[in-house]
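Novice: 3D, please:
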Amino acid sequence: MSNSNNQGTRRPVAYKNEPFLDSPDARELRILSEYLQPLSHFRDEKVHDTIVFFGSARLDETGPLGRYYREARELARLVTEWSDSLPHESRRFVVCTGGGPGIMEAANRGAYDAGGKSIGLNIGLPFEQWPNEYITPDLSFEFHYFFMRKFWFAYLAKAMVIFPGGYGTLDEFFEILTLAQTQKLESKITLVLYGSDYWREVLNFDALVKHGTISPEDLRLFAVVDDPQTAFSVLQEGLTKHYLEPESPLVEPEEDTPHIAKSRI
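Specialist: Residues are numbered from 1 along each chain as shown. Below is the predicted model:
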């Protein structure tokens, strides 16, 4: 018979039980945490919305496509200096990347050059993907689930710049392009495709129009640019029109809450 003075072994509470949290039964909790943790940090840092830079992790500053690294860095510097000059308590149009090397590093680096903050949404991959040193530490996130990472790319974005890249870049671009084409987002996202020579060789949008799989007006969903100043002008014009001087501004219920792009339904 047990001694009533001896205490039994106490199991940890569920939210501190690491074997449980790592189990298949807790998958929903892990997914929810990849929503709530970034939301909390964005609120604390007063990040209102973002400009997302996509592009290859494999581009090197001195490599064959090195100009795109240098130009992504310059563009990120321009937009950060402009956004930091806006008279708003929240941080508007913060540079956001996938957090890794290549174009992602270049954009975070450009924001760093301007003395501004920038976001890195990193994800563990078999190769290439380690957080770069230019991300603002409090805005550096690590994701396990691709779809939650994509959620945060899309749902804070007011503009996206797509530099030369591979499968991941194409996936991210076409996902947002499809949402814009089908009018599933209430917010207007300014899309900029950077590097006409590269994209003309890789993609044939005119063939899609020719074969009737997209409409001619679908080509107006994005702008094609070839230099940082032109890209900056397109971004500044679109963001000013839709978010700084809108005819019908979207209602923001809480000043400190990030302005999430809403679905139409």
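Novice: tell me, how many residues neighbour Arg30?
Specialist: Other residues near Arg30 come to 14 when the count uses other C-beta atoms under 10 Å. For the C-beta atoms, the positions are set from N, CA and C on the backbone; glycine is no exception.
Novice: wait, a helix at it?
Specialist: Yes: Arg30: assigned to a helix according to DSSP: H, G, I helix; E, B strand; the rest coil.
Novice: which residue, other than its chain neighbours, is closest to the residue nearest in space to the middle of the chain?
Specialist: Nearest to the mean C-alpha position of the chain, counting by C-alpha atoms, centre = their mean, stands Phe153 at 3.1 Å. Sequence neighbours aside, Val52 is the residue nearest to Phe153 in space, at 5.5 Å (criterion: C-beta to C-beta, 6 or more residues apart in numbering).
Novice: looks like the one you found contacts Tyr155 (just checking).
Specialist: No: in terms of C-beta atoms under 8 Å, Val52 does not count as a neighbour of Tyr155; the distance is 10.6 Å.
Novice: so is Val161 in a helix, a strand, or just coil?
Specialist: Local secondary structure at Val161 is given as strand here, using three-state DSSP.
Novice: ok, it - contacts?
Specialist: Taking C-beta atoms under 8 Å, 6 or more residues apart in numbering, we find Val161 in contact with 51-54, 72, 75, 192, 194, 231, 235.
Novice: distance of the closest residue to Phe205 other than its chain neighbours relative to Leu185?
Specialist: Closest residue to Phe205 in three dimensions, ignoring its sequence neighbours and counting by C-beta to C-beta, 6+ apart: Leu219, at 5.9 Å. Spatial separation of Leu219 from Leu185 under the definition C-beta to C-beta, to the nearest Å is 19 Å.
Novice: okay, those two: which has more neighbours?
Specialist: When Leu219 and Leu185 are compared for neighbours, Leu185 comes out ahead with 17 against 13, by other C-beta under 10 Å.
Novice: show me what the more buried one is bridged to.
Specialist: The residues listed as beta-bridge partners of Leu185 by DSSP bridges are Ser263.
Novice: pLDDT score assigned to it?
Specialist: The pLDDT attached to Leu185 in the predicted structure is 78.
Novice: go on, the one 3 residues further on?
Specialist: The confidence metric pLDDT takes the value 88 at Lys188.
Novice: over to the one 10 residues further on?
Specialist: The model reports Tyr198 with a pLDDT of 98.
Novice: who's in contact with it?
Specialist: With contact taken as C-beta under 8 Å, 6+ apart, Tyr198 is in contact with 65, 68, 164.
Novice: buried set for the helix or strand that it is a member of?
Specialist: Secondary structure from DSSP states H and E places Tyr198 in helix 196-202. By neighbour count with 16 or more other C-beta atoms under 10 Å, helix 196-202 contains the buried residues 198-199.
Novice: if we go by neighbour counts, what in stretch 149-167 is buried?
Specialist: Buried residues in stretch 149-167, counted by 16+ other C-beta under 10 Å: 149-165.
Novice: and the end-to-end length of it?
Specialist: For stretch 149-167, the separation between the terminal residues is 16 Å (C-alpha to C-alpha, to the nearest Å).
Novice: mind checking pLDDT for the residue nearest to Leu59 when sequence neighbours are not counted?
Specialist: For Leu59, ignoring the flanking residues on the chain, the nearest one in space by C-beta to C-beta, 6+ apart is Gly102 at 4.3 Å. pLDDT recorded at Gly102 is 96.
Novice: ok, now which ones touch Gly102?
Specialist: Listed by C-beta under 8 Å, 6+ apart, the contact set of Gly102 reads 55-60, 69.
Novice: try it again with 6 Å
Specialist: With contacts taken as C-beta atoms under 6 Å, 6 or more residues apart in numbering, Gly102 has the following neighbours: 56-59.
Novice: the residue nearest to Phe153: what secondary structure?
Specialist: Taking three-state DSSP as the rule, one finds Val52 in the strand state.
Novice: before I go, just wanted to say thanks for your time.
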